[in-house]
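> how does the following fold in three dimensions:
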Amino acid sequence: MGLRFRRSMNLGGGLRLNLSKSGIGISGGGRGARIGTGPRGQRMAVGIPGTGLFYEKRSSHRKTKEKDIKAARQKDKPPSQKEIKLGFIQSLLTPRAEKLFVQGINHVVSNKREEGINTLRESIRENNSLADSYFALALVTIDEKERLECIKKLIHYRKEFNKHFSKYKAVFGALLSVTDHVSLYIYNDDLGLELLSAEVLEEHGFIKEAIELLNNSIYKNEPALRLSLGELYFRNGQYQECIETLQGIENNDMIGTNAIYYKGLAFKEMEMLTAAVETLRKARRRRKNRDPEIIKEIRYALAETLLANNRKREAQKEFERIMTEDSTYRDVAQRIQELKNN
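Numbers count the residues shown, from 1 in each chain. You can find the predicted model right below:
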């Protein structure tokens, strides 16, 4: 059985200060009606005295934060980050590690990066299970070793993640490179945690651990997570798993283009050349709002695949299309000359 702590102090005028293990709250009202706010959200209760009948409505801080994150992710825009405000009484009663976390976030939001990094480090020294500080520090530090250690700690203390972000309705995030050509904004939710963790683990050679993390995700239908997982499978030589993971993603945006590109490369590695050609052509079909570099990479891979399939004339055309856009791209000029000589 878990232990609970709760203490209530009468402030007069119908107001009460409520202290509990989860934080501080305040409530007010009289017999039959009360309204209060606390770390878990707002609560309103109205009843008929003496009858036992009452109506209660609760609103959660977490829902507000999650709604903001969802809206930002749909538009793929920078997170709307605001400073966290602590009231006077709240500041007095908030644990030191939590106050340092708040100060660290506020420094980063105010473009005081170094102060933010140092304050977040201090919050972790004060409380080494403060998962939200590990997440924030992993996003802003430029020390790769520190970033990896933050991710390891974050995964270890994952059950504590979002405890303080949710309490303060804070949205915090940054731009993350998911592949060489796809970057997107991640936020302080479970999907953001998993994408960030997978990328950091991959950078340090822990590909199997990154694959396991994403494979156990509840967000396996999210295109961004599927692209990240598919790329991990490809880099680990698991080409069939790569194809299965990326199957069905449409070429509607940069995520779709890259997913189809990796699927085509996987077919090529498996020597399924007809499927590779068809898939790579599908990947390069839409060029509007696409990074020109990924289109050139797709054309180059397509040309090589056509050559492997002894379709030299078609390969030469792809190389020449690259040449018209970038005459210095890789060894395209040399490849064209070789094909002409043969």
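> pull the residues that contact stretch 233-243.
Applying Cβ atoms under 8 Å, 6 or more residues apart in numbering, the external contacts of stretch 233-243 come out as 202, 207-208, 211, 230-231, 245, 262-263, 265-267, 269-270. For glycine as for every other residue, the C-beta is placed from the backbone atoms N, C-alpha and C.
> return the members of these classed as buried.
Glu202, Ile207, Ile211, Gly230, Glu231, Thr245, Tyr262, Lys263, Leu265, Ala266, Phe267 (16 or more other Cβ atoms under 10 Å).
> how about those residues in TSV, adding pLDDT and secondary structure?
Putting the buried ones among the contacts of stretch 233-243 into TSV (pLDDT from 0 to 100; DSSP: H, G, I helix; E, B strand; the rest coil) gives the following:
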residue	pLDDT	secondary structure
Glu202	97	helix
Ile207	97	helix
Ile211	98	helix
Gly230	98	helix
Glu231	97	helix
Thr245	98	helix
Tyr262	98	helix
Lys263	98	helix
Leu265	98	helix
Ala266	98	helix
Phe267	98	helix
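> out of those residues, what pair is the most spread apart?
Glu202 and Phe267 (22.3 Å; Cβ to Cβ).
> burial count for Lys296?
Using other Cβ atoms under 10 Å, the number of residues around Lys296 comes to 18.
> hang on, it packs against Met323?
No: contact status for Lys296 versus Met323: not in contact, 10.2 Å apart, counting by Cβ atoms under 8 Å.
> which stretch of helix or strand covers Glu209?
Secondary structure assigned from DSSP states H and E places Glu209 in helix 207-215.
> wait, Ile151
Applying DSSP H and E, one finds Ile151 within helix 144-156.
> mean confidence for that helix?
When pLDDT is averaged over helix 144-156, the result is 97.
> buried residues in it, which are they?
By neighbour count on 16+ other Cβ under 10 Å, the buried set for helix 144-156 is Arg147, Leu148, Glu149, Cys150, Ile151, Lys152, Lys153, Leu154, Ile155.
> tally up the residues packed near the residue lying closest to Asn309 once chain neighbours are set aside, please.
Distance criterion Cβ to Cβ, 6 or more residues apart in numbering; nearest residue to Asn309, sequence neighbours excluded, is Leu273 at 4.4 Å. Using other Cβ under 10 Å, Leu273 is surrounded by 17 other residues.
> ok, Leu273 to Ala315 distance?
In this structure, Leu273 and Ala315 are 12 Å apart, going by Cβ to Cβ, to the nearest Å.
> so where's the stretch 1-150 of the chain shaky on pLDDT?
Scanning the stretch 1-150 of the chain for pLDDT under 70 picks out 1-80.
> can you give me how far the host helix or strand of Thr119 is from the chain middle?
Under the criterion of DSSP H and E, Thr119 resides in helix 113-126. Put simply, helix 113-126 sits 21 Å off its chain's centre (Cα atoms, centre = their mean, to the nearest Å).
> compute the inter-axis angle for it and helix 144-156.
Helix 113-126 runs at 50 degrees relative to helix 144-156, counting by axes from the mean of the first three to the mean of the last three Cα atoms, to 10 degrees.
> can you tell me what sits against helix 113-126?
By Cβ under 8 Å, 6+ apart, helix 113-126 touches 96-98, 100-101, 103-108, 130, 133-134, 136-137, 140-141, 153.
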